[in-house]
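A.B. asks: Below are the sequence and a predicted model; questions follow.
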Amino acid sequence: MNRDWFEGWRGQYKRMLRWQARANEALKYSDGDTIYDFIYAFFQSSYHLRDWLLSDGVATNEEVKILFSSCAELQLCRDICNASKHLQYDRPSIEPVPMICREWNSFENKYMDYSLYTDKRKPIPELMAQCVKAWDDFLKNKGL
């Protein structure tokens with residue numbers, strides 16, 4: 001029997017947190033490919049938590065729609081997830097289309113932090129933390 005059947009949405013939530021921890025650790029020490037892989041894995045896990053909540057029957061489609069329509073960070077999460085799956089943003093939630101970049105400091109001749117760019121810059125660790133907080137608030141408001 002699949003472990004996920006026992007844990008349900010809680011297993012997906014914990015997986016999202018593990019990917020966040022791995023991504024934050026990778027941002028300190030790892031190569032660019034590993035960092036991108038962990039960042040994408042986090043956003044995919046975060047976005048797909050909605051499917052787990054719906055499948056387990058602990059949230060309604062309407063509740064999830066309201067959450068995503070009211071939370072820019074989860075909209076960005078959806079866009080990153082869909083772009084990593086489909087290569088491009090067919091229907092972006094946020095304009096301009098978000099882009100994950102690693103900054104180069106030409107004065108110090110070294111790479112800097114990873115950030116997400118839309119109309120402004122948002123550091124990836126900050127965006128991941130905001131996505132987790134949005135889910136935490138949603139789950140808390142539902143008594144989960």
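C.D. replies: Arrived safely. What you are looking at is a predicted structure, and each value in this text was computed from that prediction instead of being measured. Residues are numbered from 1 along each chain as shown.
A.B. asks: dump the residue contacts of the residue nearest the centre of the chain.
C.D. replies: Note on the chain: the residue nearest the mean C-alpha position is F43, at 2.6 Å, using Cα atoms, centre = their mean. With contacts defined as Cβ atoms under 8 Å, 6 or more residues apart in numbering, F43 is in contact with C77, I80, C81, S84, M128, C131. All C-beta atoms are positioned from the backbone trio N, CA, C, and that covers glycine.
A.B. asks: so which one among the residues you listed has the lowest pLDDT?
C.D. replies: Lowest in pLDDT among the contacts of F43 is S84, which has 67.
A.B. asks: Out of the contacts of F43, grab the one that's most surrounded.
C.D. replies: Among these, C77 has the most neighbours (other Cβ atoms under 10 Å), with 30 neighbours.
A.B. asks: in this protein, which spans are helices?
C.D. replies: Secondary structure of the chain (DSSP state H): helices located at 3-29, 32-55, 61-70, 72-86, 124-141.
A.B. asks: of all these, which lies closest to S106?
C.D. replies: S106 lies closest to helix 32-55 among those, at 17.5 Å (Cβ to Cβ).
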